[in-house]
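J.: Return atomic coordinates for the entry below.
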Amino acid sequence: MKAAVVVANEEIHYEDYKEPKVLPGAIKVKVVASGICGSDIPRVLHNGVHFYPIVLGHEFSGDVVEVGEGVTKIKVGDRVSGAPLLPCLQCDDCQNGNYSLCKHYSFIGSREQGSNADYVVIPERNAVVFDKSISYEQGAMFEPSTVALHGLLQNDYKGGEYVAILGGGTIGMFTLQWAKIFGSKKAVVFDINEERLELAKRLGADEVINTTVEGFMEKAMELTNGKGYGFVYETAGAIPTMHMAFELAGNKSHVCYIGTPHTELSFTPKMWENMNRKEFKLTGSWMSYSAPFPGKEWELTAHYFATGQLKFDPGFIYKKYPMREVSEAFGLFKEPGNIKGKILLMNE
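T.: Residues are numbered from 1 along each chain as shown. Prediction:
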């Protein structure tokens, strides 16, 4: 088959690659769409892979073309997305349903062959069937949607509160929608880019705030009648928004960091005192899994995609590239400031 193979730092070639075989309990997916995740960028551009050569890709959709011995729930012709985590299922964390915290896991697209290829083989339990009314492009968005929902659940979310979403990227847009689906009083998206803020409005944001505008914090607090936000979700992994979360939080609120910072992060004593004085709860969120594996995050994404309540907007996608142009696609990330949305690799 053909695959996008990372052979060295900043070198990714579209070339012949050994086609994976279907093992018992597994299925083969003919990949149609594969998204480039932010975690893939350091792997390609900054020597971030576990080994060379490797085929990346873990946000994908396609059609089942072969099933292995013992497969009972998935059939040839099903349209599926794939949960990329391969937990050990034996350790204490896995036995408690905390698969994201497994220390003995493998992962499709970073430790094993991923979806930037004609075909990918995954265990049956990792396949999530979705309705054929849902496009392949939307199907490749399962993983970011589940990451957002996991953050909501990790943060003990409940409706009826003011919700702040910091960052208008793909994860932020799904966090917004999940907050609305489960009954936010008012959901407000914060970003520096007007296009992303317009997208947030189309997806149901009650208010949007451009944090480059003078006096934005005063406006943000006015929207809550000065109380602050009951739930705060940082989805950008940017230092300014990680600081901002502490300011926006109200008394006894819940703050969750879904985003991952890539530079050193520090807080002044005055910033940190916000947590003490407001007695807010701070948590992190990692990946997107719960029991029974892969979890309600994946089941609910399939359901709400099918009902249309979880929306897919063309603005999610910045560009689509044929898989053979993978090198050009990753080249865009050398100047990431110009990228506004998801880049998809498509098999023709």
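J.: From now on I want contacts and neighbour counts done on CA atoms only, so please keep to that.
T.: Fine.
J.: Where does the closest residue in space to Q95 that isn't next to it in sequence sit: helix, strand or coil?
T.: Leaving out its chain neighbours, the residue that sits closest to Q95 by Cα to Cα, 6 or more residues apart in numbering is L89, at 6.5 Å. Three-state call for L89 (DSSP: H, G, I helix; E, B strand; the rest coil): coil.
J.: neighbours around L89, how many?
T.: Other residues lying near L89 total 17 when counted by other Cα atoms under 10 Å.
J.: Repeat that for K281.
T.: By other Cα under 10 Å, neighbour count at K281 equals 17.
J.: roughly how far apart are the residue nearest to Q95 and I41?
T.: For L89, the distance to I41 (Cα to Cα, to the nearest Å) stands at 29 Å.
J.: cool, and G151?
T.: G151 is 22 Å from I41, by Cα to Cα.
J.: quick one, helices of the stretch 101-250 of the chain?
T.: Counting by DSSP state H, counting those that start in this stretch, the stretch 101-250 of the chain has helices at residues 136-139, 142-154, 170-181, 194-202, 216-222, 239-248.
J.: export those helices to a markdown table and tack on mean pLDDT and distance to G68?
T.: Shown next, in a markdown table, are the helices of the stretch 101-250 of the chain (pLDDT from 0 to 100; distance: least, Cα to Cα, whole Å):
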| stretch | mean pLDDT | distance to G68 |
| --- | --- | --- |
| helix 136-139 | 96 | 23 |
| helix 142-154 | 96 | 24 |
| helix 170-181 | 97 | 33 |
| helix 194-202 | 95 | 42 |
| helix 216-222 | 98 | 54 |
| helix 239-248 | 97 | 45 |
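J.: Relative to V64, which of those is closest?
T.: With Cα to Cα as the measure, helix 136-139 is the member of these nearest V64 (12.8 Å).
J.: burial count for the nearest residue to H50 once chain neighbours are set aside?
T.: The shortest distance from H50 to any non-neighbouring residue, by Cα to Cα, 6+ apart, is to R111 (6.6 Å). R111: 16 surrounding residues under other Cα under 10 Å.
J.: try E218
T.: 10.
J.: L344 versus that one, what's the distance?
T.: 38 Å.
J.: list the contacts for K73?
T.: E124 (Cα atoms under 8 Å, 6 or more residues apart in numbering).
J.: name the element it belongs to?
T.: Following DSSP states H and E, one finds K73 outside all helices and strands.
J.: State the pLDDT value of it.
T.: K73 is assigned 96 on the pLDDT scale.
J.: same check, this time on D156
T.: 96.
J.: does the nearest residue to it once chain neighbours are set aside count as helix, strand or coil?
T.: Using Cα to Cα, 6+ apart and skipping residues adjacent in sequence, the residue nearest D156 is H254, 7.8 Å away. H254 falls in the strand class when you classify it by three-state DSSP.
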